[in-house]
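Student: Model the following, please.
(3 chains)
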Amino acid sequence: MAWYQFSWLILFGPLFAFVAIIFGTRMWDLATRPREEAEATPADAAHAHDEAEGETQLIVTHGPHGEEVVLEDDEDPKVPRLTMGARASGYLGIVVVALACIYSWILLLNTSGVINIAPPLDPRGLTVFSYDWLNQGTASYSIAFHIDNLAIAMTVVVTTVSLLVQFYSQGYMENSAGYARFFSYLSLFTFSMLDIVFAQNFLVIFVGWELVGLSSYLLIGFWINKRAKPAEDRPAPATAAIQAFITNRIGDVGFIIGIMILFAQTGTFDFGTLADKTNPHGVVQAFVNSGNTGLLTAAMILVFCGAIGKSAQLPLTVWLPTAMEGPTPVSALIHAATMVAAGVYMVARTYPLFAAAGPEALGVVGWVGGITALYAALTALTQTDFKRVLAFSTISQLGYMFVGLGVARGTEFGVGPGMYHLFTHAFFKALLFLGAGSVIHSLHHAMHAEVQDMRKMGGLAKYMPITAITWLVATLSISGFPFFAGFYSKDNIIALAFDQQDYGLYIITLGTAGLTAFYMLRAYILAFGGKGGGFGGLWGGPYRGEGEPHESPRTITIPLVLLAIASIIAGYWTGFFNYVQPINPSAPNLNLGEVFTNPLTWVGVLVSLVGLGWAYVLYTRFELATIHNVVENNALLRFLHRLTLRKFYIDDLYDLLIRYVVLGISHIEAAFDAYVVDGIVNGVAQAVTGLGRSVRHVETGKVQAYMVGFFGGLAVLAIVVFALVTFVK
Amino acid sequence: MLTLNHFLVLGALLFCIGLYGALAKRNAIAVLMGIEVMLNAVNVTMVGFSFFNTVKPYSTYLTGQIFAIFIITVAAAEAAVALAMIISIYRKRSTVDVGEINLMKW
Amino acid sequence: MIFTSDLTWILLLPVLGAVAAIAAPVRYARWLALLFSAATFALTMAIFFRMVANGNFGDLNHPADFTPQITWIDFTAKNVHFKIDYFLGVDGLSIPLVILNALLTMLAIIGGWEKVRVKEYMALLLLLETGVMGVFISLDLLLFFLFWEVELAPMFLLIGIWGSDVIKHGMPGRVYSAWKFLLYTFFGSIFMLAGILLLYFRAGGNTASMQFFSTHMQFLAGASPIFGWSWQLLIFLLIFLAFAIKIPMFPFHTWLPDAHTDAPTEVSVILAGVLLKMGAYGLIRICLTLLPGGVQEFAPWLAVLAAINIIYGAGICLVQTDMKKLIAYSSVSHMGVILLGVAAAAAGFGGMAFRQAALTGATIQMFSHGLITGMLFFCVGVIYDHAHTREIAVFGGVAKKMPLLATLFTFAGLASLGLPGLAGFVAEYITFTASYQVWAVVTVISVFTMILTASYLLWMLKRVFYGPFNTKWSWLPDANWREAIPLISLAVFIVFVGIFPNVLIQLITPALKAILHTGTVIIH
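Tutor: Numbering: from 1, shown residues only, chains lettered A, B, ... in the order given. The predicted model follows:
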């Protein structure tokens, strides 16, 4: 038991690392930095920057009042050499997450029966840490963390990917001025994500939910002074960070309303209590038995809104592609492998509640996932930014996970299919991003600029073989090529949709699989291959950029290789379905023999191969310019190209909505406040002042006028008194 | 036979004359004189009431006469102060026209 | 007898400090002011720790610490008997605010270290502290009213003398705003006095002690129809008008943005941090405790007004161009959460546990909003002191030059938008989730403030601190240590309350329980 009981160490380790880096090693870093740059005058510093990096640029724009504003751009501020403090920050973060990773692997191996150092875990989980905020009997707020098999599986994913990404960041963030800050944020993120994983109730999961939003905000906006690049349709990181945070918040509003509905009926946030069919505070007793299933369904759909925001499903997809403005390791860790999957994890965690609700709840989950998967795959077809393709592919794959959860419908299949895809996807998507980061890093050294446009790549395989081969593994894995991990998890979802007679979703997911294969191989060939390369264009080809790229250092390639291995073998954990839902031991496990004899599997494989083949033919036989010309000269193709390149104009729609509707209402409100509400206040004040101003003219200052008033008044009074005395009696 | 009514009528007439002077005259000295006349009208009325009072024991008190003497004293003091002010105003503004003295305006 | 009580000294120490600061030479005046404010803070903390040590946090009728009830003014004319007692006491509801007031005043003195006419400034800040303290610890309604008015004078002078000179409505902004603040508050005070006197004389006119009303109101309600609901409602509305203006509740809020934009930094801190809480405290301590029937009648309207405060205030923030005005409107929005919690607690239906949780959330919001908004205003003050402008649009990327301030400002902004782990989240999460059970629709509408709050705060931070660096500001220095001390101390409190609100919750629970208990006894 002690092994499980102390698993809060996994949770709080990264938090400790965050605090220790922020207040310890980062202070050390700042204190021991060479100070010459700080003391130089700004102009000198800018000049020195120019010479050293060739990056600092001055841009002249016009401010709000028409004056000229000179802006200074800091693409990625560097220091000549890292201090001991900065290095220590990195090591501290890595060591802590490595220990957490080892611990979680031990727990995983133990609970899955590979090793046996502790008794099996109670299927309902174990509370490892808790304290109450407020307990009023029928309404209680408590901070509680627990682990069960689902949490352990997720912990392994989070800590493993986090460890590899932190290791990788040592190379990627070399000489960055914010090296220590970067590692502290990564530790904060790991803690926040584990907070979601360990959450025992809606309060804690919401805390983690917001905290990962914060980490994401901080890490996307990591290069705080970097400027937008309108030519490449790339916003400034600071803008992207806000967009991510606020879009998530939109989903969170739905999430918290859902939580409120559940809480109002049951008085508890606890997942276990809510799911308990015999507990009067459970949803079954509180909603279903009292005929409130509709309300429960509404609540669960609202809770799912939180997942829509966090996992960038339609209609809240917009933030994830722009989130790619953050450093690439961040994209790998947060915006691919872990945080965006939190939505899936949350639905899996609350799956009994979804199952208890009406079928509409899981129907919404499945269909939102399916439509998003298709939408994102279509959009990914034409993107030219290396990381954006991956961003859309992430959205698309997350859609698959929701389809997996949605079509499982109830407890028979449970969370297995969706979570399984999350599990495998984490590895190959992290690999794709880290590979992309390796390419960007290498091109940065070659061209002295941040290049993410695939039209400036090509043939990189011969310069960076390790990156290329690992990337190819990940591409095949995500495309559902047989024997790679993605094949098992994705085909499983597609087949499940068919088995559950969700033919609409079956068609969508199947078609999306083909599109996925197409755009992933397209990206691979555009970056690493090309017409005239080896292996029929897959290996090397014409390089369209400048300079001489080189393979990245070992801190970068080691994680790539490890992840490539994981991207293959993760598919062979056949007991996963049973593992993640120990309460329901009858859940069907993955049966490899059955997979390969099922004709549905081969339909899926065929579709994938069509996609792969089409991409292969198109991009290894033709130059990029040729394809471009064909598209531009055909009205229909041009229209489709624009439509998908502009993401079906969803971003523009939001832009208009915010600029004209939201800000318009705000302007009206502000005017109303200034002229009506405050106008009444000032109007009353002015009326009083005006009254005084007009009445004061009675005061002429002439003594005789006063006397007239005095005696006149006296006379009037006398008459009144006389009249009263005479007549009233 | 002199009755109370004669005193009262005289007082009222004097008061009205004084009031007219105080209100209508533009010269500050004349206004002052009007005020003096009004004060004396009150004196006449007071003495009249006191003299014709027959209710014991008030008829023996001479309250009205004493008041009249007080008023005369106060009127003298008032006249002195008022004349001093008028002279001072005249020195500053070269006029004693009350219509033009509006220092306390607004 | 009076002078042996700590509470008397809480009131007296700042006054003595003010006298000392005025009397001493300038070079000692600051240190003396700091010394006396620190002593006051230490005293409040001592009271707090004594409460914790005794495990007795008390409620209105059993205050944890109180002075003897001494008759101060006793005046009888025929059958009119007029009596004011000197009667102070603290319980779990008031002690957080007392601590907050002492803390913020101390930090304000540090923040205003380099003001012109520093002696008078310090003295007035200390007098202000006394006035506000008196409001929080008076247990006599008329004494409460007295302190309510006492606080106005120093505030009026602080805004009117040290405020900004920007022309507003044809006069310097400081004059306009000081008068607006004073007159608006007085306007409310008249009605409050009428309400208090009505309550006092209707109840027999022997005492204005809050304890008397809270214990005897139930018999009065039963025995005599004059304290039926309509009378309670009338008295409530009269008294509440003063609180509504102070909170400030829509549509009585327009003095706040003006007062904030024209007040000096430290005064804004105190204004937003504690003065607004006087209204909220009065709402809970007087309206909800003494007149539960009246509040219950009004509760649906209160809930609606709360939602308007929350959403309307947040909406206006989106288009503000002045940082301070933005934060002022954000105060309007955040104070709405308190109204929502009180509306939920006062409603005649809904689960008792939920109503109490809502009231707990509202009370935590009072404390946390004081900390967070105080910190935000301090941050703006630092920028303003260096750059001499608060216009959002003229900045850009200055985090490059002010990393420490940017970090702390972002921290405060995140706390204000309700980030978990920081104080604002605890308050808002508890209030919203608990209020939903009572006022479902209103709460659902109010929750949308989460989006708006995040939008305006992060957008402001982005336009000021992040994005491309505007080289116009390359000379800007970072916050120095004196400026950072208030920010860091507030940040520590914010984190503590955010992670471990139990201390605060346990402190206030007995008092709130008693309030709701009295409420239900009277109503049923």
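
Student: so A:V407 makes contact with A:L505?
Tutor: Yes - shown here, A:V407 and A:L505 form a contact pair, counting by CB atoms under 8 Å, at 6.0 Å. Every residue, glycine included, has its C-beta placed from N, CA and C.

Student: Compare those two and say which one has the larger neighbour count.
Tutor: Per other CB atoms under 10 Å in any protein chain shown, whichever of A:V407 and A:L505 has more neighbours is A:V407, with 30 against 25.

Student: And the more buried one, which helix or strand is it part of?
Tutor: Secondary-structure element containing A:V407, defined by DSSP states H and E: helix A:386-408.

Student: and that helix, average pLDDT?
Tutor: Across helix A:386-408, pLDDT averages out at 92.

Student: Just list what that helix packs against, helices and strands only.
Tutor: Contact here means 3 or more CB pairs under 8 Å, 6 or more residues apart in numbering or on different chains; DSSP states H and E; on that basis helix A:386-408 packs against helix A:319-322, helix A:328-332, helix A:342-349, helix A:359-380, helix A:416-447, helix A:485-499, helix A:503-528.

Student: Below-threshold pLDDT in chain B: ranges please.
Tutor: In the predicted model of chain B, residues B:106 satisfy pLDDT under 70.

Student: Pull up the residues of it that are close to chain A.
Tutor: By CB under 8 Å from any CB of the partner chain, the part of chain B that sits against chain A consists of B:19, B:22-24, B:31, B:98-99, B:101-106.

Student: Out of the residues you listed, which end up buried?
Tutor: When the residues of chain B next to chain A are checked for burial by 16 or more other CB atoms under 10 Å in any protein chain shown, the buried set is B:19, B:22-23, B:31, B:98, B:101.

Student: ok, back up a step: anything in contact with each of A:V407 and A:L505?
Tutor: For the pair A:V407 and A:L505, residues contacting each of them under the criterion CB atoms under 8 Å, 6 or more residues apart in numbering or on different chains are A:366, A:497.

Student: Within range of chain C, give me the residues from chain B.
Tutor: For chain B, no residues are found near chain C under the criterion CB under 8 Å from any CB.

Student: can you tell me which residue is nearest the centre of the chain?
Tutor: Going with chain A. A:V340 (4.5 Å; CA atoms, centre = their mean).

Student: quick one: that residue from A:A377, how far?
Tutor: When distance is defined by CB to CB, to the nearest Å, A:V340 is 16 Å away from A:A377.

Student: Quick check: A:R455 is in a helix.
Tutor: Yes - note on A:R455: a helix contains this position according to DSSP: H, G, I helix; E, B strand; the rest coil.

Student: Distance of the residue nearest to it when sequence neighbours are not counted relative to A:F392?
Tutor: The shortest distance from A:R455 to any residue that is not its chain neighbour, by CB to CB, 6 or more residues apart in numbering or on different chains, is 5.7 Å, and that residue is A:T384. Shown here: A:T384 relative to A:F392, a distance of 12 Å by CB to CB.

Student: And the two? Which one has more around it.
Tutor: A side-by-side neighbour count of A:T384 and A:F392, using other CB under 10 Å, places A:F392 first with 28 against 17.

Student: what residues are up against C:E120?
Tutor: Listed by CB under 8 Å, 6+ apart, the contact partners of C:E120 are C:22, C:161.

Student: any idea which element it lies in?
Tutor: Per DSSP H and E, C:E120 falls inside helix C:118-137.

Student: Please name the residues that touch the residue sitting nearest the centre point of chain B.
Tutor: Most central in chain B under CA atoms, centre = their mean is B:L39, positioned 2.0 Å from the mean C-alpha point. Contacts were defined as CB under 8 Å, 6+ apart; by that measure B:L39 touches B:18, B:71, B:75.

Student: mind listing the strands in the chain by residue range?
Tutor: Since no chain was named, I'll use chain A. For chain A, applying DSSP state E gives strands covering A:57-62, A:68-73, A:126-135, A:140-147.

Student: Oops, wrong one, chain C.
Tutor: Per DSSP E, chain C carries strands over the ranges C:58-59, C:62-63, C:65-66, C:70-77, C:80-86, C:89-90, C:167-168, C:171-172, C:469-470.

Student: and of those, who's closest to B:L8?
Tutor: With CB to CB as the measure, strand C:70-77 is the member of these nearest B:L8 (41.3 Å).

Student: So which elements touch that closest one?
Tutor: Strand C:70-77 packs on strand C:80-86, going by 3+ CB pairs under 8 Å, 6+ apart.

Student: Contact residues of the stretch 101-250 of chain C facing chain A?
Tutor: Within the stretch 101-250 of chain C, the positions lying close to chain A (CB under 8 Å from any CB) are C:169, C:180, C:183-184, C:250.

Student: Any of the residues you listed buried? List them.
Tutor: Neighbour-count burial within those applies to C:180, C:183-184, C:250; the criterion is 16+ other CB under 10 Å.

Student: rewinding a little: and the helix or strand harbouring the residue nearest to the centre of chain B, what's buried?
Tutor: In this structure, B:L39 is located in helix B:28-52 according to DSSP H and E. Of the residues in helix B:28-52, those with enough neighbours to count as buried (16+ other CB under 10 Å) are B:28, B:31-50.

Student: that older thread, now, which of the contacts of B:L39 sits nearest A:R696?
Tutor: The shortest distance between A:R696 and any of the contacts of B:L39, using CB to CB, involves B:G18 and amounts to 30.0 Å.

Student: Could you list which residues are in contact with the closest one?
Tutor: For B:G18, the contacting residues are B:34-41, by CB under 8 Å, 6+ apart.

Student: Would you quantify the distance from it to chain A?
Tutor: Using CB to the nearest CB, to the nearest Å, one obtains 11 Å as the distance from B:G18 to chain A.

Student: try C:I316
Tutor: Relative to chain A, C:I316 is positioned 5 Å away (criterion: CB to the nearest CB).

Student: And for that residue, the neighbour number?
Tutor: The tally of other residues near C:I316 (other CB under 10 Å) stands at 29.

Student: longest single helix anywhere in chain C?
Tutor: Of all the elements of type helix in chain C, the one with the most residues (DSSP state H) is helix C:352-387.

Student: Okay, angle between that one and strand A:126-135 too, please.
Tutor: 90 degrees (axes from the mean of the first three to the mean of the last three CA atoms, to 10 degrees).

Student: Which other helices and strands does helix C:352-387 contact?
Tutor: Counting contacts by 3+ CB pairs under 8 Å, 6+ apart, helix C:352-387 is packed against helix C:95-111, helix C:265-270, helix C:276-282, helix C:323-346, helix C:403-416, helix C:423-438, helix C:481-499, helix C:502-523.

Student: Among those, single out whichever gets nearest to chain B.
Tutor: Nearest to chain B, of all the helices and strands packed on helix C:352-387, is helix C:265-270, at 34.9 Å by CB to the nearest CB.

Student: dump the residue contacts of C:C287.
Tutor: C:C287 is in contact with C:236, C:239-240, C:243, C:294-295, counting by CB under 8 Å, 6+ apart.

Student: looking at chain C, which helix or strand is least sure?
Tutor: Ranked by mean pLDDT, DSSP states H and E, the weakest helix or strand in chain C is helix C:210-223, scoring a mean of 66.
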